[in-house]
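S.K.: A structural model of the following input is requested.
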Amino acid sequence: MSTFELKTHKSGRTYSNPHFFILNKGLNSGKPLANPCPNCFVVTTKTEEAKNTLFHLSMMLQIGGFYAYYLKGSVIPFISIDDCRNTLKNSLKQNKNSGFELQKQINLVSVISKKEKELQNVIDKMAVLKVAYIRNCFKIMQSKEA
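M.R.: Predicted coordinates:
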């Protein structure tokens, strides 16, 4: 079983082992981050492979809403370090025991995310095209009136 250490990140601190950060406040609590922010935990591992696995597992848990169950607080929701640690440990253990290959699941989610980004890029380009078309239509109308 992959071992990891989860601690509260302190600003200005650097880490030598492979690591990533997990947001702990707000509605995006549980979201893994490559760079630190003021309200986050740090996950350190022994290997880069374990870091990547835990990063993607954390992303899957956040997208799936599994961290949301543990959110506390009425104004600014947050997740406690113990709830975050236990959720990661339990999901890692459950994937090992169920016989599913976590790496296959991570790869599938990565492919879906990549396709989602491609489609979002197309949607963004369509929005720009729509604005350009509308502006062009009004330029033609204004030139006819003059």
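
S.K.: Remind me what the helix or strand Asn136 falls within packs against, helices and strands.
M.R.: If you go by DSSP states H and E, Asn136 is part of helix 102-145. When contacts are defined as 3 or more Cβ pairs under 8 Å, 6 or more residues apart in numbering; DSSP states H and E, helix 102-145 packs onto helix 48-63, helix 81-98. Backbone N, C-alpha and C define where each C-beta goes, glycine included.

S.K.: Next, the angle from the helix or strand of the chain with the lowest mean pLDDT to helix 102-145.
M.R.: The helix or strand of the chain with the lowest confidence, counting by mean pLDDT, DSSP states H and E, is helix 81-98 at a mean of 88. Interaxial angle, helix 81-98 versus helix 102-145 (axes from the mean of the first three to the mean of the last three Cα atoms, to 10 degrees): 110 degrees.

S.K.: Let me see the contact set for Ser91.
M.R.: Ser91 makes contact with 57, 61, 66, according to Cβ atoms under 8 Å, 6 or more residues apart in numbering.

S.K.: Nothing else from me, thank you.
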